[in-house]
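> With the sequence up front, the predicted model follows.
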Amino acid sequence: MSETRRLELLPAVDVADGQAVRLVQGEAGSETSYGDPLAAALAWQNAGAEWIHLVDLDAAFGRGSNRDLLAEVVGKLDVKVELSGGIRDDASLEAALATGCRRVNLGTAALETPDWVRSAIGRHGDKIAVGLDVRGTTLAGRGWTREGGELFETLARLDADGCARYVVTDVNKDGTLTGPNLQLLRDVCAATDRPVVASGGVSSLDDLRAIATLVPEGVEGAIVGKALYAQAFTLEEALEAVSR
Ligand SMILES: O=C(O)c1ccccc1N[C@@H]1O[C@H](COP(=O)(O)O)[C@@H](O)[C@H]1O
């Protein structure tokens, strides 16, 4: 009898101007600051996290970079890191992978330079995930400021290119503490056989339990941001909630 997999949790550490921040719906200027990114990441690690979802927001917005800081953070962590933000060409991809992160998450590049993404997938396999950041079923790139195509067409293309995994974010939910978009997750899982990491809207332990019910459909993990920083629950409580 096969054992049901447990939902993985990925606490998010989004970095802008050297600080850990949370945005609301990805809007520049909506940030709340939570201090030193390394301290935040180590706190999640010490609380039992197996993964950290680490984002360079300045690079995602194309307004700067926290590359050296993020490399330092990855170097000081023992847990797996999913690194994203501004990874759009060979130089940024090689620099990201050289940090020792477990995988990178490509957003804008998957919308704007599909040939390069196909080649990156061919070279790096499951070290590449693609972030499908959507409003409705319209994809968003460049710091979620530009529309970039239709979700299910892009998903079919990336599946054909061998993409190993998708990080699916409902932009309208992100940072709002209004609950995940479970129907979006179901729809994406129905359209691909690749694992899906859910992102956006988690507000409570019940939200995590609801996402965990989708593990048999293909949801592998959930990114948790604002709810942890706002202390809606602890990471220990979250890990316990999804452990059975
Ligand atoms: O995570 C956010 O809050 C966020 C807000 C606005 C833009 C991007 C955001 N996050 C992540 O950025 C990467 C994509 O970066 P790029 O497009 O490849 O440069 C992806 O993980 C988004 O989810």
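Received the coordinates, thanks.
> Only C-alpha atoms from now on, for both contacts and neighbour counts.
Fine.
> Point out the residues in this structure that sit beside the ligand.
23, 26, 55, 57, 59-60, 84-87, 105-109, 131, 141-144 (Cα under 6 Å from any ligand atom).
> Check which residues of the helix or strand hosting residue 159 are buried.
Using DSSP states H and E, residue 159 sits in helix 151-160. Within helix 151-160, the residues scored as buried using 16 or more other Cα atoms under 10 Å are 151-152, 154-155, 158-159.
> a markdown table for those residues, including distance to residue 5 and pLDDT?
What follows is the buried residues of helix 151-160, written out as a markdown table (distance: Cα to Cα, whole Å; pLDDT from 0 to 100):
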| residue | distance to residue 5 | pLDDT |
| --- | --- | --- |
| 151 | 26 | 98 |
| 152 | 26 | 98 |
| 154 | 27 | 98 |
| 155 | 24 | 98 |
| 158 | 25 | 98 |
| 159 | 22 | 98 |
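> Tell me where this protein has strands.
8-16, 19-22, 32-33, 51-56, 80-84, 103-106, 128-135, 138-141, 146-150, 166-170, 196-199, 219-224 (DSSP state E).
> Now for residue 185, how many residues are close by?
23 (other Cα atoms under 10 Å).
> Run through the residues that contact it.
Residue 185 makes contact with 168, 196, 198, 219, according to Cα atoms under 8 Å, 6 or more residues apart in numbering.
> Pick the one among these closest to the ligand.
Nearest to the ligand among the contacts of residue 185, counting by Cα to the nearest ligand atom, is residue 168 at 8.0 Å.
> which among the contacts of residue 185 end up buried?
Neighbour counting with 16+ other Cα under 10 Å marks 168, 196, 198, 219 as buried within the contacts of residue 185.
> How much space separates residue 211 from residue 205?
10 Å (Cα to Cα, to the nearest Å).
> The two: which is more packed in?
When neighbours are counted by other Cα under 10 Å, residue 211 comes out ahead of the other of residue 211 and residue 205, with 25 against 20.
> on that earlier part again, same list, the strands of the chain, but as JSON lines with mean pLDDT and distance to residue 187 please.
Shown next, in JSON lines, are the strands of the chain (pLDDT from 0 to 100; distance: least, Cα to Cα, whole Å):
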{"stretch": "strand 8-16", "mean pLDDT": "98", "distance to residue 187": "20"}
{"stretch": "strand 19-22", "mean pLDDT": "96", "distance to residue 187": "27"}
{"stretch": "strand 32-33", "mean pLDDT": "94", "distance to residue 187": "32"}
{"stretch": "strand 51-56", "mean pLDDT": "98", "distance to residue 187": "23"}
{"stretch": "strand 80-84", "mean pLDDT": "98", "distance to residue 187": "24"}
{"stretch": "strand 103-106", "mean pLDDT": "98", "distance to residue 187": "21"}
{"stretch": "strand 128-135", "mean pLDDT": "98", "distance to residue 187": "13"}
{"stretch": "strand 138-141", "mean pLDDT": "96", "distance to residue 187": "14"}
{"stretch": "strand 146-150", "mean pLDDT": "94", "distance to residue 187": "14"}
{"stretch": "strand 166-170", "mean pLDDT": "98", "distance to residue 187": "11"}
{"stretch": "strand 196-199", "mean pLDDT": "98", "distance to residue 187": "11"}
{"stretch": "strand 219-224", "mean pLDDT": "98", "distance to residue 187": "11"}
